[in-house]
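# pasted the sequence and its predicted model underneath.
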Protein chains: 2
Amino acid sequence: MAKKKNEAPLTGITVSKEEDFSAWYTELINKAELADIRYNIKGFVVYREWATITIKKMYAKYEEILERNGHLPLIMPSLIPESNFLLESEHVEGFAPEVFWVTEAGSSGKLNEKLALRPTSETALYKMYALWIRSYKDLPFKRYLSCQVWRYEGKMTRPFFRGREFHWIEAHDVFTTMEGAEEQVKEDMEVTYKMIQDEFGIPIIFFERPQWDKFSGAQKTFAADALMGSGKVLQLPSTHLLGQNFAKPFNVKFVDKDGEEKYGYQTCYGPAISRIYGAMIAYLGDDKGLILPFDIAPVQVVIVPILFKGKEQKVIEKVNEIYEMLKGKYIVKVDESDKSMGNKFYYWELKGVPIRIEVGPKDIEKNQVVIVKRHDGQKFFVKEKELESFIDDIAVNYTQEIKEKKLVDFESQIEVADHINAAIEAINNGKIVCCGFCSIDKDGEHCAEVVEKDIGGFVRGKRVDEEKHEFATCLICGNPATCTVYIARSY
Amino acid sequence: MAKKKNEAPLTGITVSKEEDFSAWYTELINKAELADIRYNIKGFVVYREWATITIKKMYAKYEEILERNGHLPLIMPSLIPESNFLLESEHVEGFAPEVFWVTEAGSSGKLNEKLALRPTSETALYKMYALWIRSYKDLPFKRYLSCQVWRYEGKMTRPFFRGREFHWIEAHDVFTTMEGAEEQVKEDMEVTYKMIQDEFGIPIIFFERPQWDKFSGAQKTFAADALMGSGKVLQLPSTHLLGQNFAKPFNVKFVDKDGEEKYGYQTCYGPAISRIYGAMIAYLGDDKGLILPFDIAPVQVVIVPILFKGKEQKVIEKVNEIYEMLKGKYIVKVDESDKSMGNKFYYWELKGVPIRIEVGPKDIEKNQVVIVKRHDGQKFFVKEKELESFIDDIAVNYTQEIKEKKLVDFESQIEVADHINAAIEAINNGKIVCCGFCSIDKDGEHCAEVVEKDIGGFVRGKRVDEEKHEFATCLICGNPATCTVYIARSY
């Protein structure tokens, strides 16, 4: 075959995802060249080309749906004066341990006031909202920022999953009534399902977070958790019902139809695109490398010419013909490198290109090509005249196939526990525990601490999409249960 | 007519651009709601919705052409360790007075090393290039970042034109030879003409900047200057021939074909999108408000129903019909507000929407609509069946028309001066002076200081597109001239 003599075979990923998720992820990041952790500030990484291209496409998709739902974009300064920051007391308490501070500038030295690198933009934005919003006619007022934020994380960082600088969208909406704000929270959750599950292939479940785990300053937080294949969940986008908690200190008011001045009701929503990217590649990837949803793959179709001495010309002509046919519709790449055929296959599998087309002299004789789908490895011999519609079919179905395949895994991870020992066993087996709980209000915090200490998991909260409540008592204290909660280890 | 009783007419911009550019610009920014200067950090402004939408479109256009020319995107940390920063001495000297420093984080207080908010990314990026580039096969290596940078500006800030945080693209390229780098500089200049002149309608001229005014650390700087209608030029994108000035301290090396390890030759290019936006709205706008190139207008076509009592239904039906016809091709908005007709016209003119379609009952009777082009106010009565192709024609030609109209103004601003008094007069009359000069190397710096002090302008450098050199002596010192330079006031 067309294997080159003396060429060392590329080694793919050497660790199995199932056996050691962490090592697998690190190898994936390195070998597929997605991020470089050698940047010389702790917790800050470089996003490399292949990752950046997909992240940009993810931003575009997310922005499109937000705009369709009536959001307009803004660009805000990334620095926030300390005095803004101090206006909402719960908020400052929650974020103060995580803030990077700018204290000096230029040769003039110390600044008069410390400036926070935004860890989130409420305290920058709502001062402006107070100036911009005048009347009920201005509401709903729905805006978003696509930006990075900085948080001085104490936890271990991991490229894309958690870093001290990450890239997100934050949407900040104002309504005349609490019902309007509650409706927005529902819309945010629908958008999240549509994006994270349907577009990016990661199954999620929305939980109402316990009061001790909500966004600092919110009345309620609803967060999406995804199971990452290692028995741990990862928090993905969360949406927060702020009520009037910020509107009052920041003076976000409007004159209502009745002529009275009232405080607005607010929500905020924060999909962290870089983190979703991390979750996506971690969740979808396999031991060969990346698996990417079709739309957001940097290359969608790779054509590999199978070259035999003396027959190169014919193959190259056919490859170019196919390239010309597909390039207007898809992002197509012809692998003209001098790697061996095997190494070319490895390389593009590692990179997660959804469709590989192989063109060899024997195929040409038979008027066919070989097509291989990355996510399931299925191989097809396709007649040339059917090629285009065959590719179209794969393109349309590819992401949906991934989603369906991976969706099943999620539900199977849930285990009901009536006793603490059963919960410990389930957690140790990489399961999510479903159980009765005394309360997700402040009262329940003590039991949650026991969960963390004795079971080794976290109370993720009440499932938003679940009405049932069938437990009589709290798993921990034995008092009457007021709700069903889920316990899981988390990133 | 359909004017509402008791409705105050909107006041447009009250200052003439020609009479007081500065006041006109400030009113434009405020009334068209492009930026809000009330954010409470000096030199930092909020970019509002209308500006943000266009800036995003400008980014997309710029990124597309860079990618077509072989650049790939990266996302870099926005903080740079002080130790990186110190590696290239000219660079640190140039930028040190402008750097914001992060010195504290979270509750743990002082950081071990101060971190710069990037004023530009050479010192972050080239440390990575040293790790990534191995062989001549990796070159040319062309990458870009779309990001914001921070500079502690001493000069007066003005929204979009100059701020302490601004939004740009920076492209950083590495070549095996100096010729390769020089070719890249030419490509960057071509890209600049294509974008700034052809797409954004601002006429520019490229100057090789004098040595005392080059980018800190570069061998040569080539910068685009635009005349802003107020007798001042504004520096727009510049491209820098770095040679090996950074490659050596940052160790950007490659193994060449001959097996030897060599330093790469580098260029960098920095189109400041937010500044280009400022230049564009300033240069193209008129006393009615914004004029925007067609492609990057947030709304391209506005349809204004002319409503008379009893005839609303017919008009609304026709408006919806036209909306449905155009919405797949253009960004169309129907003005359904309860403003008067006159105020609707004012408002969309202020906002710079390229095409206004008016639909009234009399027009419907005649099977026609009224179309008004924003940039020249031309009004057309167009038969319904010709409407779509008429709009298509305007769409195709609109930006080109703006460009042609505004291009003439530029050349007429240049005035040749043989004596210092003629130069002073020309500068005072808002002209650009063309004259002989002793040298744009270090030797000429003293004469440039005289220019600044006595003439009140700056030596912008040698025109890149001009071969001629017809002056015998330097305008200032009277010594033999080595080149022709241009002198102008600048923002």
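Nice, I can see it.
# contacts for stretch A:465-476 next, please.
Under the criterion Cβ atoms under 8 Å, 6 or more residues apart in numbering or on different chains, residues A:205-206, A:417-420, A:423, A:435-438, A:444, A:447, A:450-451, A:479-481, A:483-484 lie in contact with stretch A:465-476. The way it works is simple: take the backbone N, C-alpha and C, and place the C-beta from them, glycine included.
# from these, which land in strands?
Using DSSP state E, the members of the contacts of stretch A:465-476 that fall within strands are A:205-206, A:435-437, A:483-484.
# export the helix or strand of chain A with the lowest mean pLDDT as PDB, just CAs?
Scoring the helices and strands of chain A by mean pLDDT, DSSP states H and E places helix A:89-95 at the bottom, with a mean of 84. As requested, the backbone C-alpha atoms of helix A:89-95 are provided in PDB (Å, rounded to 0.1, in the frame of the first residue of the first chain):
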ATOM      1  CA  SER A  89     -23.300  43.400  49.000                       C
ATOM      2  CA  GLU A  90     -23.900  39.700  48.300                       C
ATOM      3  CA  HIS A  91     -22.400  40.100  44.900                       C
ATOM      4  CA  VAL A  92     -19.200  41.600  46.200                       C
ATOM      5  CA  GLU A  93     -18.900  39.000  48.900                       C
ATOM      6  CA  GLY A  94     -19.200  36.300  46.300                       C
ATOM      7  CA  PHE A  95     -16.800  37.700  43.800                       C
END
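# what's that helix in contact with?
A:85-86, A:119-120, A:122-123, A:151, A:215-217, A:245-246.
# can you pick the most crowded of those?
A:E122 (30 neighbours; other Cβ atoms under 10 Å in any protein chain shown).
# contacting residues for it?
Contacts of A:E122 (Cβ under 8 Å, 6+ apart): A:88, A:91, A:172, A:217, A:242, A:246, A:268.
# mind listing the residues bridging to the last one?
Okay, so that is A:C268. A:H172, A:H240 (DSSP bridges).
# dump the residue contacts of it.
A:120, A:122, A:170-173, A:215, A:218, A:239-240, A:242.
# could you dump the residues you listed to CSV with distance to A:N429 and pLDDT?
As requested, these are exported to CSV (distance: Cβ to Cβ, whole Å; pLDDT from 0 to 100):
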residue, distance to A:N429, pLDDT
A:T120, 36, 95
A:E122, 40, 95
A:E170, 37, 98
A:A171, 38, 98
A:H172, 41, 98
A:D173, 41, 98
A:F215, 31, 90
A:A218, 33, 94
A:T239, 31, 97
A:H240, 33, 98
A:L242, 38, 97
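# any idea which helix is longest in chain A?
Taking DSSP state H as the criterion, chain A has its longest helix at helix A:387-411.
# just the pLDDT at the residue of the stretch 151-300 of chain A found nearest chain B, thanks.
Nearest to chain B, among the residues of the stretch 151-300 of chain A, is A:Y152, at 4.1 Å (Cβ to the nearest Cβ). In this model, A:Y152 is scored at 94, pLDDT.
# that one: neighbouring residues, count only.
So A:Y152, with other Cβ under 10 Å, has 21 neighbours.
# what does A:G109 give?
9.
# so what pLDDT did it get?
86.
# cool, the one 3 residues further on as well?
At A:N112 the predicted local confidence, pLDDT, stands at 91.
# restrict the contacts of stretch A:465-476 to those near chain B?
Filtering the contacts of stretch A:465-476 for proximity to chain B by Cβ under 8 Å from any Cβ of the partner chain leaves nothing.
# weed out the non-buried ones from these.
A:205-206, A:417, A:420, A:423, A:435-438, A:444, A:447, A:451, A:481, A:483-484 (16 or more other Cβ atoms under 10 Å in any protein chain shown).
# tell me which two of those residues sit farthest apart.
Across those, the longest distance by Cβ to Cβ is 26.0 Å; it joins A:F206 and A:I420.
# can you pull the buried residues of stretch A:448-462?
Buried-residue list, stretch A:448-462, by 16+ other Cβ under 10 Å: A:448, A:451, A:455, A:457-462.
# cool, thanks, signing off.
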